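Peer 1: Here's a sequence, model it:
(one chain, ligands or ions: 1)
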Amino acid sequence: MKDKITIQDIISAKGQRKLTMLTAYDYYTSYYLDQSGIDMILVGDSLAMVVLGHEDTLSIGMKEMLHHTRAVTRAAKRALVIGDMPFMSYQAGIKEAVHNAGLFLKKGRAHAVKLEGGQKVIAQIKAIVDAGIPVQGHLGLTPQSVRQLGGFRVQGRDKNQAEELIQDAKALEQAGCFSIVLEAIPTELAKQITSSVSIPTIGIGAGPHCDGQVLVIHDLLGLNEAFKPKFVKHYAQLGKTIREAITRFRKEVENGEFPDAEHSYF
Ligand code: KIV
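Peer 2: Coordinates of the predicted model:
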């Protein structure tokens, strides 16, 4: 396995091998992803929902994102770490966008940033790339626009929207993005976008034709048993495992079984 994944490795993987990306928000999750050979670790703003319990990603800010990014980068020795720029850290202006992207590298020690949107945020993306900061784009269901999209739903089903997404992907490539996340779009459209750009597409709910796949780690591990949309596959049932372990602890303390001699000092 290669020692360290670089931006060039991600770009040159297109058409050669499938890329993997998962989210992490803390040191040990990052450690296990890194040890398991995952190419990219995304410190997603999904942190707001799966770690902090918010109903969407809108209320998380730079302070929390940098705090968690630093924990992730401390453990990642091989994987490329991408910091997700939170809502209103780049939308309001180019200067602020470049400054905040820079903080992910300076303070978070991330290798790249991700931000949501196509042609509407192209000026920000160009300026961030010009500052020497690698950018991953994000199209389709862009959760920071949930109010505008009217909910978390599949995008690009109608012809105009699909064409706009193809143009957005091309604009992101032109602006210098090294890859693009495609979230919640029909399989055929994802295939078309993937073949229209020379940079890798990383799908989540976008079918098998993308150049790579990403999932939120809590979804993959089955930590939220109630959350099972079509695109999520549970590779473990950690919710069940955690509940059983904690219940066993409670029962053993209550009936005096724990701590026994093996777990006590003499
Ligand atoms: O915040 C996040 O976890 C993401 C992924 C779903 C791609 O943006």
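
Peer 1: Could you measure from His234 over to the ligand?
Peer 2: To the ligand, His234 is 16 Å away according to Cβ to the nearest ligand atom, to the nearest Å. Backbone N, C-alpha and C define where each C-beta goes, glycine included.

Peer 1: What of Val129?
Peer 2: Distance from Val129 to the ligand, by Cβ to the nearest ligand atom: 19 Å.

Peer 1: what does the model give that residue for pLDDT?
Peer 2: Note on Val129: pLDDT of 98.

Peer 1: likewise Met1?
Peer 2: At Met1, the predicted lDDT confidence score is 78.

Peer 1: so what's it up against?
Peer 2: Met1 is in contact with Gly37, Arg78, counting by Cβ atoms under 8 Å, 6 or more residues apart in numbering.

Peer 1: Quick check: closest non-adjacent residue to whatever residue of the chain ends up closest to the ligand.
Peer 2: Using Cβ to the nearest ligand atom, the point where the chain gets nearest to the ligand is Gly44, with a distance of 2.3 Å. The shortest distance from Gly44 to any non-neighbouring residue, by Cβ to Cβ, 6 or more residues apart in numbering, is to Thr23 (4.3 Å).

Peer 1: got it, and Leu115?
Peer 2: With sequence-adjacent residues excluded and distances taken as Cβ to Cβ, 6+ apart, Leu115 is closest to Met85, at 4.4 Å.

Peer 1: hang on, the earlier thing: quick check: the residue of the chain closest to the ligand touching Leu215?
Peer 2: No - when contacts are counted by Cβ atoms under 8 Å, Gly44 is not listed as touching Leu215 (10.2 Å).

Peer 1: Need the residues touching each of these two.
Peer 2: Thr23.

Peer 1: between the two, who's got more neighbours?
Peer 2: Remark: of Gly44 and Leu215, Gly44 carries more neighbours, 29 against 20, as counted by other Cβ atoms under 10 Å.

Peer 1: residues in contact with the more buried one?
Peer 2: Contacts of Gly44 were listed using Cβ under 8 Å, 6+ apart, and they are Thr23, Tyr25, Asp84, Val216.

Peer 1: Quick one: name whatever helix or strand follows the lowest-mean-pLDDT helix or strand in the chain.
Peer 2: Sorting the helices and strands of the chain by mean pLDDT, DSSP states H and E puts helix 146-149 at the bottom, at a mean of 92. Note on helix 146-149: by DSSP states H and E, the next helix or strand toward the C-terminus is helix 159-175.

Peer 1: ok, the helix or strand following that following helix: who's next to it in the sheet?
Peer 2: The C-terminal neighbour of helix 159-175 among helices and strands, as given by DSSP H and E, is strand 179-183. The sheet places strand 179-183 alongside strand 135-140 (parallel), strand 201-204 (parallel), with pairing taken from DSSP bridges.

Peer 1: quick check, strand 179-183 touching the ligand?
Peer 2: Yes - Strand 179-183 lies within reach of the ligand by Cβ under 6 Å from any ligand atom, at Val181, Glu183.
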